[in-house]
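*Asks:* Turn this into a structure:
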Amino acid sequence: MSLTRRAFVSGALAWTVSPAWAADSTWQRLRAGGLVVLMRHASTVAGNGDPPNFRLDDCSTQRNLSDAGRDEARRIGERFRKERVPVERVYTSPWCRCRETATLAFGNAQDWEPLGSFFDSPERDDERTEHVRKRIASYSIRKPKGNVVMVTHAVNIASLTHRNVGTAELVVVRPDGCCGLRVLDQVKI
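*Replies:* From the prediction side, this is the model:
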């Protein structure tokens, strides 16, 4: 069984719904800053993966957000503002559905190639995952005042955290210099 498939299965088994008190605690932690939020893009039009021959430089060739997904992304941004969660930086996969999710929720985002999907190229799993893990680990030294948000894909989050995530779902992690990250909570808004 591949690492990605093991991560996905492990994540599906480990996923639990957080009780209300845990969610409140998560928002308190986020208000304090210094965490990383791994966020799966919001809901898309029907389909799985991208159409054959899609291009990153042409959104019309990709599977994009649905109207419901755009509403989800806006609600996430509203929740962050309502909870007074400081966001220092937003990184996004270069896929249009991730970029649109990030900009609707947070206003702006920086494309970062390692957050790109490896759904169709699982051989890139270890390479991308390690690159993202190292960046997250580096925040344990630099200690950002706000939080860092990374908008990406289900396969990427599963590979990093061994969690299965739905669309527009968040996995909050604490940077950990020795091991990359420690999962604190999983939140659906």
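*Asks:* rest of the way, CA atoms for contacts and neighbours
*Replies:* Fine.
*Asks:* can you point me to the longest helix in the protein?
*Replies:* With DSSP state H setting the assignment, residue counts place helix 125-142 as the longest helix in the chain.
*Asks:* what sits opposite the most centrally placed residue in the chain in the beta ladder?
*Replies:* With distances taken as CA atoms, centre = their mean, the residue of the chain nearest its centroid is residue 39 (2.4 Å). Legend: beta-bridge partners of residue 39 under DSSP bridges are residue 151, residue 170.
*Asks:* isn't it right up against residue 173?
*Replies:* No: counting by CA atoms under 8 Å, residue 39 does not reach residue 173; the two are 10.8 Å apart.
*Asks:* that older thread, relative to residue 170, how far out is the residue nearest to the centre of the chain?
*Replies:* 4 Å (CA to CA, to the nearest Å).
*Asks:* now residue 154
*Replies:* In this view, residue 154 and residue 170 are 10 Å apart by CA to CA.
*Asks:* Quick check: neighbours shared by those two?
*Replies:* With contacts defined as CA atoms under 8 Å, 6 or more residues apart in numbering, the residues adjacent to both residue 154 and residue 170 are residue 40.
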